[in-house]
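Chemist: Just a sequence and a predicted model for now, questions to come.
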Amino acid sequence: MPLVEVTHAPTGPEPQLRELGSVLPHLVSVAVECPEEPYDGDLQPGDVEIRFRPLGPLDRSGLAVVVEIKSKWTATREADRQERVDALHEAIHAATGLDDVGVYLSLPIAAWSQGD
């Protein structure tokens, strides 16, 4: 279950941010899909959590949008994590037209549980 945080400039292009919010669940799921956690294309509540945050007055960023993904570590994810994040970056650009975007993929050792 990936956790995704999108930090954006306060004056970010709202239509592109809305499009980003609609495509990210699928794009992130494809990016982190692995044999240990296969992606069947049928996202359910809790499969991908996304939070949008505007930069605050004291924050510093050289990019208009930064997408941070945390997804549980697996050996197969670790083996090709740079290729995964590069492909996700390209997919975000293709889907939204956002040019000034960075993507960060973190694979912590973690666990997840949720109710039905």
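Modeler: Alright, I've got the coordinates.

Chemist: who are the neighbours in contact with the nearest residue to Trp73 once chain neighbours are set aside?
Modeler: Among residues not flanking Trp73 along the chain, Leu107 sits closest, at 4.2 Å (Cβ to Cβ, 6 or more residues apart in numbering). Quick note: C-beta positions are derived from backbone N, CA and C, even for glycine. Residues near Leu107 by Cβ atoms under 8 Å, 6 or more residues apart in numbering: 70-74, 77-78, 81.

Chemist: go with 6 Å
Modeler: Residues near Leu107 by Cβ atoms under 6 Å, 6 or more residues apart in numbering: 73, 77-78.

Chemist: tell me the secondary structure for Leu24?
Modeler: The three-state label given to Leu24 by DSSP: H, G, I helix; E, B strand; the rest coil is helix.

Chemist: so the closest residue to it other than its chain neighbours, which of the three states?
Modeler: Take Leu24 and drop its neighbours on the chain: the residue closest to it by Cβ to Cβ, 6+ apart is Ile50, 5.6 Å away. Here Ile50 is recorded as strand under three-state DSSP.

Chemist: Arg84 too?
Modeler: helix.

Chemist: now the closest residue to it other than its chain neighbours, what's its secondary structure?
Modeler: Nearest residue to Arg84 in three dimensions, chain neighbours excluded: Ala31, at 5.0 Å (Cβ to Cβ, 6+ apart). Look at Ala31: counting by three-state DSSP, its state is helix.

Chemist: next one: Val67
Modeler: Three-state call for Val67 (three-state DSSP): strand.

Chemist: Can you give me the buried ones in stretch 79-93?
Modeler: Buried positions in stretch 79-93, judged by neighbour count with 16 or more other Cβ atoms under 10 Å: 81, 84-85, 88-89, 91-92.
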